[in-house]
Each structure stands twice: as structure tokens, then as C-alpha cells.
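Asks: Provide a 3D model corresponding to the input given below.
(one chain, ligands or ions: 3)
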Amino acid sequence: MRQILFMDTTLRDGEQSAGVNLNPQEKLQIARQLERLGVNVMEAGFAAASEGDFQSVRDIARIVQNASVMSLARAKESDIRTAYEALKDAVAPRLHVFIATSDIHMKHKLRMTREEVLDTVRSTVALSKSLFPVVQFSAEDATRTDYAFLAQVVEEAIRCGADVINIPDTVGYTNPQEYYQLFQYLKNHVPSYDKAIFSCHCHDDLGMAVANSLAAIESGIGQVEGTINGIGERAGNAALEEIAVALHIRKDHYQADTSIHLKEIKATSALVSRLTGMVVPKNKAVVGANAFAHESGIHQDGVLKEASTYEIISPELVGEEANKLVLGKHSGRHAFMDRMQELGYQLSEEERDRAFRSFKQLADRKKEVTEEDLHALILGEAAAHDQPYEVKHLQVHFVSNSTQSATVMLEDQDGKVLEDAATGAGSIEAIYNAIQRILDLDCELIDYRIQSITQGQDALAHVHTELQQGGKRVSGFGVAQDVLEASARAYVHAAGKLKRLLTVAR
Ligand SMILES: CC(=O)SCCNC(=O)CCNC(=O)[C@H](O)C(C)(C)COP(=O)(O)OP(=O)(O)OC[C@H]1O[C@@H](n2cnc3c(N)ncnc32)[C@H](O)[C@@H]1OP(=O)(O)O
Ligand SMILES: CC(C)C(=O)C(=O)O
Ligand SMILES: [Mg+2]
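Replies: Numbering: from 1, shown residues only. Ligands and ions are numbered 1, 2, ... in the order given. Here you go, the predicted model:
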């Protein structure tokens, strides 16, 4: 198995994401975590860019023991010497010197001829090599560079001392097949190809950064570059965690090893997201919140029987706690019953059917049915089945700044339907008056409490009531998504008990 080196540039190219600005402490925190992750090289910054960047590169160079620390530098003597000052205390310092080689960049940005660029490559790579044990040279915008000229530049860079040659797809322009062929071309047209390690560096403008990186690896290169969570300039860089996991899961295909401790992936991703403020999309591969979540009944059933039916990556592999079977409207009985058992409910066949029906009704209205919902559901079911009356229908007419009216329909245990209407100062009072009329009660509401037991806009409401009449005091509760419905259920629960007690006492 060949070894693929991982060069992480979260702290340099990643920080080039619009709106991201890491302070030196935050960069140190990320650097420590990258070391734990096991990257071979970390690009700590661009030392000549600012005083703050210089300090960060120097601080990181002083603490990192198990990875090479690198700074970016333009092909300019002053940038190279500044990087040298920042990196001189590193255990394994490395310089990354770059210049653009595409006609577009040379003509419009650098305003240099090919000959001038070649001369600059020779002199700056040689200077870099006189200061650093390891020099990486990048031909910026390589994928839009004339291939013959690129081969010439690369040969000169290796001849002048470059140890690593990076062929960046700076603007995310290439595709897997073309990038693969470009490395093949260089292998065949750069005489000193074998004297350097070739590296890929991809951007995601066309959404192909990871695929392009994997194609480069297939073409035989030794180093891959990218960032955690794929953050970076414009659409970002290749996501290193995705590449590491792809190489691991498809080892049969890529036949390559890495030094990445996959278990550190989740922690690294979370830290980078928190400190940069770049939120990881839920559906992002490997580290998204939904990466190990199954919602549909058929998938959940498969995963419960054998996880590999729908999971090619086990969550534990990347430091994620466990997969998640999200209960929602696409879930089936297997997942529902599995969760019920997990929550400690031993339900009879009949209770199970009833609970599953209620769950499906709730799931139709709610994005995700949470554990609290399930407890509430069972609680509500229990309440509904230990009482003489059930709310069948509720209609409330609300008029602002006026008396409210409600029509309530109840069903008793024999299936008899009872209905009445009443008014009240508020909607709940109107409902309660209607229920009192139906049950022929003249009770006092001692306590009424409402609580949201689940989270979000579609949370379930839990209402508690206490009623008193003729020296008898009873309580009841009701659960529903709608507050008025939960209130009606809670009142009917208590009123049913009260009616029973008063009848027995007579
Ligand atoms: C593909 C990449 O990601 S490259 C890295 C990009 N990262 C950054 O630019 C972040 C840090 N950059 C900075 O802080 C600033 O741009 C600095 C400090 C580097 C330079 O700032 P300034 O001196 O004000 O120059 P400015 O950024 O406006 O322009 C860049 C200059 O560098 C030149 N240049 C660009 N790339 C290179 C290179 N690889 N080698 C030599 N010169 C270069 C440009 O031609 C331009 O030169 P000019 O001033 O003679 O026209
Ligand atoms: C500095 C270089 C390597 C770069 O980030 C790019 O070309 O994308
Ligand atoms: Mg880049």
C-alpha cells in the first residue's frame, strides 16, 4: 500500500473564506487539533500577509511537534525571508512558494512574460531551498496553464531544489478525467518527475474538488491538499475529511494508506465550524448532522436488521456517537417499536397499534417526532383510555375584544355522542363552560397550567387542570399540538373523574 500525505490548509486557504477571521488563539487551537487528527503538513498561514499572520505562523511553529509546519510565500525574496523568520523554531519547517503560470494570470495579474516567470521560479526556489529543508512549489492556476510550459516550469523548480510540486486547480476548473491526464502528462514530460512528491490542490467551484483530488491520487501522486469541512476561497477547497474517509472505505480501489486518525474527524470538524462560524450543512458527507441519520421506514428497518444495508461508513469510525433513526412521517413500525422499547415501554398488541396510529398522525404534522413527543404520546394515550369521556370534536369561534364561543362534542365509553356550546370571556373559558354543560357539572377550576414539552414551533403542549366540586378535588392532563385541544382534553380528563366520584358519592 502506498502512503498518501495529507497537507491541511484550513489555517491559510480555509481562512481565505469570505467572512472568516481567526485570531491567534483560535488558530493555535485548530493547529493542536490538526496534530491530533494526524495531518502530515499544516499550512499555518501566509507569514508576510500581516503582523497577525506572522505571529500565528510563529506560534504554531513553536508548539507543533508531530507535523511539518508550512507558510505560504509569493515568489518574492521579502515574503520568503519573512516566512523563514516565522518558521525558524519549527521542528519540521517547510516553505510553500508559488507563482501563477497560466497565460491569463501571467498577462493580466503578474504582467510578466513566460521567461520572466521561469527566471523568478529559478531564483526564488533556489533561495527557498537555501533557507528551508523542505520546499513546496506551486504553479498557481496550473489547470489552465499550457501543458508544455507547465512541464518546463515544474522541471526548473525541481532542478532548483523543490521537494514537493503542487499542481493546483486554483479556480476549480478541471474535472476528474482531465486532472488525472494532466498528472500523466507531467509524469511523461518532466524528466525529474521522480525526484519530487507531486501534490494536488483542488477548489470546489464546479463541485468537483473531492472527485478531482481522488482522481489525482489515482494517477499516482503522493500528497493531497485541502481543508476541514471544505472551507476556503469562494466555493471552498476539497474537504480533507471526505478524502480521508473515501480512501479508507474504498481501500480496495485506491490501495492507499494515510496517517489520519479518522476518529478525530468529528471533533476537528466541529471545532473548525465553531471557530470559523462556517456552519456545516446537515447533508454534508461524513460530518453533516444527517450523515448518519435514517428517516424512511424501509431504510430504518434495514439498518435495525443489519446496519451495512444502508451505511457504508460506521458513525464510530469518524468519532460520531451513533447513527440516528429519526422518527418522522416516513418511519415504519419497526423503527417506532424499537424506540418504544428503548424508552422502556412494554406495550400490548392493541396498545402498540393505537400508539403507532397516534404516532403517524403526529408525524404527519411534525417534522421530527422526538423522545419527549413519544413519552407525551404514550402519556396522552394512557390518559385517553383511562377516562369515561373523550373529546371528539372542538370548534372555537374567536372574535377579538368580544365574548368567545365554543362547541364541544364528547364521546362516552359506550360510544354515545354528547354535544353542547357555550360562551366565555376567553376561548378556554368557553370550552370549559361547554364541557360543564355537557357533563352537568358546576365545578371550580382550581389550577390550570400549560407547558411546552417538546421544542420548536411544532412543539406539543401539555396542560394540567385541577377541578373541585362538593368537597371532591381531581386533576387531569391533556397533550396535543394545539393548546386549545390540549386544554379541552385536560379538562375532560379531570371532569370525567369528578363526574364518576360525584355519581358514586350520591
Ligand atoms: C490562490 C491563492 O490562494 S494565492 C494566496 C492568496 N492569499 C492572499 O492573498 C491572502 C494574503 N494576502 C495579502 O495580505 C496581500 O495580498 C499581500 C500582503 C500578500 C500583498 O499585498 P499588496 O502588496 O498590497 O498587494 P496586492 O495584494 O494588492 O497585489 C498583489 C501583488 O502581488 C503580486 N503577486 C501575486 N502573486 C504573486 C506571486 N505568486 N509571486 C510574486 N508576486 C505575486 C501581484 O502581481 C501584485 O503585484 P503588484 O503590486 O506589483 O501589482
Ligand atoms: C497558493 C495556491 C497553492 C492556492 O491556494 C491555489 O492555487 O489555489
Ligand atoms: Mg487554493
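
Asks: From here on, just use CA atoms for contacts and neighbour counts.
Replies: Noted.

Asks: Where in this protein is the helix or strand with the lowest mean pLDDT?
Replies: helix 371-385 (a mean of 72; mean pLDDT, DSSP states H and E).

Asks: Name whatever forms a beta bridge with residue 462.
Replies: residue 451, residue 479 (DSSP bridges).

Asks: try the one 5 residues further on
Replies: In this entry, residue 467 is beta-bridged to residue 445, residue 474, by DSSP bridges.

Asks: list the contacts for it?
Replies: Residue 467 makes contact with 443, 444, 445, 446, 447, 473, 474, 475, 494, 495, 498, according to Cα atoms under 8 Å, 6 or more residues apart in numbering.

Asks: Dump those into JSON lines; add pLDDT, neighbour count and distance to ligand 1 as well.
Replies: Below are those laid out as JSON lines (pLDDT from 0 to 100; neighbours: other Cα atoms under 10 Å; distance: Cα to the nearest ligand atom, whole Å):
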{"residue": "443", "pLDDT": "95", "neighbour count": "18", "distance to ligand 1": "75"}
{"residue": "444", "pLDDT": "95", "neighbour count": "12", "distance to ligand 1": "73"}
{"residue": "445", "pLDDT": "95", "neighbour count": "16", "distance to ligand 1": "69"}
{"residue": "446", "pLDDT": "90", "neighbour count": "12", "distance to ligand 1": "68"}
{"residue": "447", "pLDDT": "92", "neighbour count": "11", "distance to ligand 1": "65"}
{"residue": "473", "pLDDT": "85", "neighbour count": "17", "distance to ligand 1": "74"}
{"residue": "474", "pLDDT": "85", "neighbour count": "17", "distance to ligand 1": "71"}
{"residue": "475", "pLDDT": "84", "neighbour count": "20", "distance to ligand 1": "67"}
{"residue": "494", "pLDDT": "91", "neighbour count": "23", "distance to ligand 1": "69"}
{"residue": "495", "pLDDT": "93", "neighbour count": "29", "distance to ligand 1": "72"}
{"residue": "498", "pLDDT": "89", "neighbour count": "24", "distance to ligand 1": "75"}
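
Asks: Just put those residues in CSV and tack on distance to ligand 2.
Replies: Below are the contacts of residue 467 laid out as CSV (distance: Cα to the nearest ligand atom, whole Å):
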residue, distance to ligand 2
443, 76
444, 74
445, 70
446, 70
447, 66
473, 74
474, 72
475, 68
494, 69
495, 72
498, 75
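
Asks: now, among these, which is nearest to residue 56?
Replies: If you rank the contacts of residue 467 by distance to residue 56 using Cα to Cα, residue 447 comes first, at 61.4 Å.

Asks: any idea whether the closest one is helix, strand or coil?
Replies: With DSSP: H, G, I helix; E, B strand; the rest coil as the basis, residue 447 sits in strand.

Asks: Residue 402 too?
Replies: coil.

Asks: pLDDT score for it?
Replies: If you check residue 402, the pLDDT there is 93.

Asks: For the nearest residue to it once chain neighbours are set aside, give its distance to residue 485.
Replies: The shortest distance from residue 402 to any non-neighbouring residue, by Cα to Cα, 6 or more residues apart in numbering, is to residue 425 (7.5 Å). Separation of residue 425 from residue 485 (Cα to Cα, to the nearest Å): 18 Å.

Asks: so how many other residues sit close to residue 364?
Replies: Residues lying near residue 364 (other Cα atoms under 10 Å) number 14.

Asks: Thought residue 357 was touching it, still the case?
Replies: No - with contact defined as Cα atoms under 8 Å, residue 364 does not count as touching residue 357 (10.8 Å).

Asks: Which two among the contacts of residue 467 are spaced furthest apart?
Replies: Farthest pair in the contacts of residue 467, by Cα to Cα: 447 and 498, 14.6 Å.

Asks: Could you pull up the residues touching the nearest residue to residue 498 once chain neighbours are set aside?
Replies: Using Cα to Cα, 6+ apart and skipping the chain neighbours, the partner closest in space to residue 498 is residue 474 (6.3 Å). Residues in contact with residue 474 (Cα under 8 Å, 6+ apart) are 466, 467, 468, 494, 495, 497, 498.

Asks: Could you export those residues as JSON lines, including distance to residue 262?
Replies: Converted to JSON lines, those look like this (distance: Cα to Cα, whole Å):
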{"residue": "466", "distance to residue 262": "56"}
{"residue": "467", "distance to residue 262": "59"}
{"residue": "468", "distance to residue 262": "63"}
{"residue": "494", "distance to residue 262": "56"}
{"residue": "495", "distance to residue 262": "59"}
{"residue": "497", "distance to residue 262": "59"}
{"residue": "498", "distance to residue 262": "62"}
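
Asks: I'd assumed residue 213 was in a helix, is it?
Replies: Yes - counting by three-state DSSP, one finds residue 213 located in a helix.

Asks: So for the spatially most central residue of the chain, what's the pLDDT?
Replies: Residue closest to the average C-alpha location in the chain (Cα atoms, centre = their mean): residue 288, at 2.7 Å. Confidence at residue 288, expressed as pLDDT, is 96.

Asks: cool, residue 342 as well?
Replies: For residue 342, the predicted pLDDT is 88.

Asks: ok, now how distant is it from residue 434?
Replies: On the measure of Cα to Cα, residue 342 and residue 434 end up 41 Å apart.

Asks: Look at the two and report which has more neighbours.
Replies: residue 434 (24 against 10).

Asks: Whichever strand or helix holds the more buried one to strand 444-452, inter-axis angle?
Replies: Per DSSP states H and E, residue 434 falls inside helix 427-439. Interaxial angle, helix 427-439 versus strand 444-452 (axes from the mean of the first three to the mean of the last three Cα atoms, to 10 degrees): 130 degrees.

Asks: how far does helix 427-439 sit from the chain's center?
Replies: Going by Cα atoms, centre = their mean, to the nearest Å, the spacing between the C-alpha centre of helix 427-439 and its chain's C-alpha centre is 48 Å.

Asks: so where is this structure shaky, pLDDT-wise?
Replies: By pLDDT under 70, the weakly predicted segments of the chain are 381-386, 453-457, 504-506.

Asks: Using the record's domain definitions, break it down for me.
Replies: Following automatic domain parsing, one gets these domains for the chain: 2-276, 293-369, 387-505.

Asks: circling back: show me the contacts for the residue lying closest to the residue nearest to the centre of the chain once chain neighbours are set aside.
Replies: In space, and not counting its chain neighbours, residue 288 is closest to residue 282: 4.4 Å by Cα to Cα, 6+ apart. Listed by Cα under 8 Å, 6+ apart, the contact partners of residue 282 are 288, 289, 290, 291.

Asks: and the last one, how many residues sit next to it?
Replies: Pointing back at residue 291 there. A count of neighbours around residue 291, defined by other Cα under 10 Å, yields 19.

Asks: Check which helix or strand it maps to.
Replies: Counting by DSSP H and E, residue 291 is part of no helix or strand.

Asks: Backbone torsions only: list them for it.
Replies: With angles defined as degrees, to the nearest 10, residue 291 sits at phi -60, psi -30.

Asks: so residue 18, which of the three states?
Replies: coil.

Asks: I misspoke; the intended subject was residue 99.
Replies: Residue 99 - assigned by three-state DSSP - is strand.

Asks: quick one: it and residue 140 touch, right?
Replies: Yes - using Cα under 8 Å, residue 99 is in contact with residue 140, at 5.6 Å.
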